[in-house]
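Okay, predicted coordinates and the sequence, questions at the end:
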Amino acid sequence: MSRVEEIEAAIESLPPEDFQKIANWCREREHAIWDDQMDADSANGRLDFLFEEAKNDSLQEWPPIK
């Protein structure tokens, strides 16, 4: 049995309130990892195209005049 399978089995045996704590912790951890990745991508210039796109879009009229 792999480590992940052991963890999954342990989680399945938890009472609902403990499972909810683990679920919340996993969600918060996932969000923190995502935030860290976004910060790193931004610092490395990988998101510059989004800033440029937003700047260009803000120069256009909205809603478009037909």
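The structure has been received and is ready for your questions.

show me where pLDDT drops low in the chain?
Across the chain, the stretches falling below the confidence threshold (pLDDT under 70) are 58-60, 62, 64-66.

Run the chain-centre distance for the lengthiest helix in it.
Of all segments of type helix in the chain, defined using DSSP state H, the longest is helix 16-43. Distance of helix 16-43 from its chain centroid, counting by C-alpha atoms, centre = their mean, to the nearest Å, is 7 Å.

Quick check: next helix or strand after it?
Proceeding C-terminally, helix 16-43 gives way to helix 48-58 as the next helix or strand, assigned by DSSP states H and E.

between that next one and helix 16-43, how many degrees?
The directions of helix 48-58 and helix 16-43 differ by 80 degrees, with axes from the mean of the first three to the mean of the last three C-alpha atoms, to 10 degrees as the criterion.

one step back: list the buried ones in the longest helix of the chain?
For helix 16-43, a neighbour-count test (16 or more other C-beta atoms under 10 Å) marks nothing as buried. From N, CA and C alone the C-beta is placed, and that goes for glycine too.
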